[in-house]
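Novice: attaching a predicted model along with its sequence, questions to come.
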Amino acid sequence: MEEYAYIQTIFNYIGIAVDKKNHNEIVVNYPVFYTKKNKEYSIKGYEMNTRPFGTFFADFINCDFTLETDFNNFFKKYSISLLDLEKFKRIFKNNVCSEETYNRFVKKLMEDNFKKLLKLQEQLDMILDYCLINPAPKVSKLSPIERLYVLERTNETFTIFNSKKIEFVNIHYFSKDAGNSEKEVIENLIKKKTDIGSIDLLIPHSIESILYMQLCDILKDDISFKTCKNCDRYFVAENKRIEYCNELAPDSNKTCREIGRKKKYYDNIKNDKALDLYNKVYYRKAQMSIRNPDLKNYVEDYEYFKTFGKKKLEKYKSGKITSEEFINWINKNI
Ligand SMILES: [Zn+2]
């Protein structure tokens, strides 16, 4: 299969394909560029981006589709063409579109679709609540995915259960410049200049079908789906220990993960009596030594604590001495 042919298949639906084996989702879209001078938008061609599988679900559930900027950002990240590819192609004449036309197009898309999207979000919230976050006592003995089965069997109002269509595509590809004539192709293969690869892709036919697929993986715990401890937004964690998302924190130029790392460090110290005492004593001795550089006692005292305290600290951290032993040593050297 030629590269463009399968991209065309992805574009026929929602611009997303899933590579389950590598836990990725592949997003194909037409990035839109704005030129201030001409007040127009332009497109240059399609682009492919790979993200951890489940990112779409987290982004979808986090988005406030009633806000124009949120709506716009979401469909820029995925595919603004996702909801109306034909119209999208039509408004870009020679790859250019005026600001006014483009804004009108997005506004219309939003008006036509936000109710449907909100309804889907509402359903996902209810399903997650029932299956994962707040299960009722009567289903407490069931696993999250079994709870989903209960909902599917008994609740007809959830439209997300109705469209699960996903296409399976297996692609074999050759590396570029594999040769043209039979002789060239054979030679390149013998000389190992050509690679033949293969990839299995799942192509969801609708937003509902990718959301359903990812929902099941979240409930089966194949995707580590979490709430960020800093911003409260949902995110996909690379491993179970991660507690903060990698997005920019609200009103900050740092990511929640960067903020979280610092917070955790200070929380750990606060909760650790020995470490807290060590830091306080260390800080006081350092201050005394800086303020009184002429007094040999203070300087020597600080140097002693710095050298031997560090060794004790390492022993404490590696579990070779207990908290009490460490505290006793600090108190003896105060
Ligand atoms: Zn966050």
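Specialist: Done, it's in.
Novice: identify the residues contacting stretch 158-172?
Specialist: Residues from elsewhere that reach stretch 158-172 (Cβ atoms under 8 Å, 6 or more residues apart in numbering): 1, 6, 9, 13, 17, 119-120, 123-124, 127, 151-152, 155, 196-206, 208-209, 211-213, 215. No exception for glycine: its C-beta is placed from N, CA and C like everyone else's.
Novice: are any of the residues you listed buried, and which?
Specialist: 6, 9, 13, 17, 120, 123-124, 127, 151, 201-204, 206, 208-209, 211-213, 215 (16 or more other Cβ atoms under 10 Å).
Novice: since we're on Lys77, how many residues are nearby?
Specialist: 17 (other Cβ atoms under 10 Å).
Novice: from Phe53, how far out is it?
Specialist: 16 Å (Cβ to Cβ, to the nearest Å).
Novice: now swap in Asp267 and tell me
Specialist: Distance, Asp267 to Phe53, by Cβ to Cβ: 31 Å.
Novice: who's more crowded, those two?
Specialist: Taking other Cβ under 10 Å, Asp267 and Phe53 do not tie; Phe53 has more neighbours (22 against 11).
Novice: measure how buried the nearest residue to that one once chain neighbours are set aside is and give me the count.
Specialist: Spatially, and ignoring its direct neighbours in sequence, Phe53 is nearest to His23 (4.6 Å; Cβ to Cβ, 6 or more residues apart in numbering). Residues lying near His23 (other Cβ under 10 Å) number 15.
Novice: for the residue lying closest to Ala178 once chain neighbours are set aside, give me its contacts.
Specialist: Excluding the flanking residues, the one nearest Ala178 by Cβ to Cβ, 6+ apart is Thr194, at 4.5 Å. Thr194 makes contact with 174-175, 177-179, 185, 188, according to Cβ under 8 Å, 6+ apart.
Novice: could you look up the SS state of Thr194?
Specialist: Put simply, Thr194 is coil when judged by DSSP: H, G, I helix; E, B strand; the rest coil.
Novice: how near is it to the ion?
Specialist: Distance of Thr194 to the ion, computed by Cβ to the ion, to the nearest Å: 45 Å.
Novice: likewise Ser224?
Specialist: If you go by Cβ to the ion, the gap between Ser224 and the ion works out to 15 Å.
Novice: that residue contacts Arg241, doesn't it?
Specialist: No - contact criterion Cβ atoms under 8 Å: Ser224 and Arg241 do not qualify, at 9.4 Å.
Novice: the two: which has the busier surroundings?
Specialist: Ranked by neighbour count (other Cβ under 10 Å), Ser224 and Arg241 place Ser224 first, with 16 against 7.
Novice: okay, the more buried one: pLDDT?
Specialist: At Ser224, the pLDDT value in this model is 90.
Novice: list the contacts for Asn292?
Specialist: Asn292 neighbours (Cβ under 8 Å, 6+ apart): 298-299.
Novice: err, Val236, not the other one
Specialist: Val236 neighbours (Cβ under 8 Å, 6+ apart): 52-55, 57-58, 223-226.
Novice: please determine how far it is located from Asn72.
Specialist: Counting by Cβ to Cβ, the gap from Val236 to Asn72 is 23 Å.
Novice: what's the answer for Lys44, then?
Specialist: 19 Å.
Novice: which one of the two is surrounded by more residues?
Specialist: Asn72 (17 against 10).
Novice: so in the protein, which helix runs the longest?
Specialist: For the chain, the helix that runs over the most residues, judged by DSSP state H, is helix 99-128.
Novice: circling back to that earlier point, can you say which of the contacts of Thr194 are buried?
Specialist: Here, 16+ other Cβ under 10 Å leaves Asn188 buried among the contacts of Thr194.
Novice: which of the contacts of Thr194 sit farthest apart?
Specialist: Ser175 and Val185 (11.6 Å; Cβ to Cβ).
Novice: counting neighbours, what do you get for the residue of the stretch 1-150 of the chain found nearest the ion?
Specialist: Going by Cβ to the ion, the ion is nearest to Asn62 of the stretch 1-150 of the chain, at 9.7 Å. Asn62 has 18 neighbours, counted by other Cβ under 10 Å.
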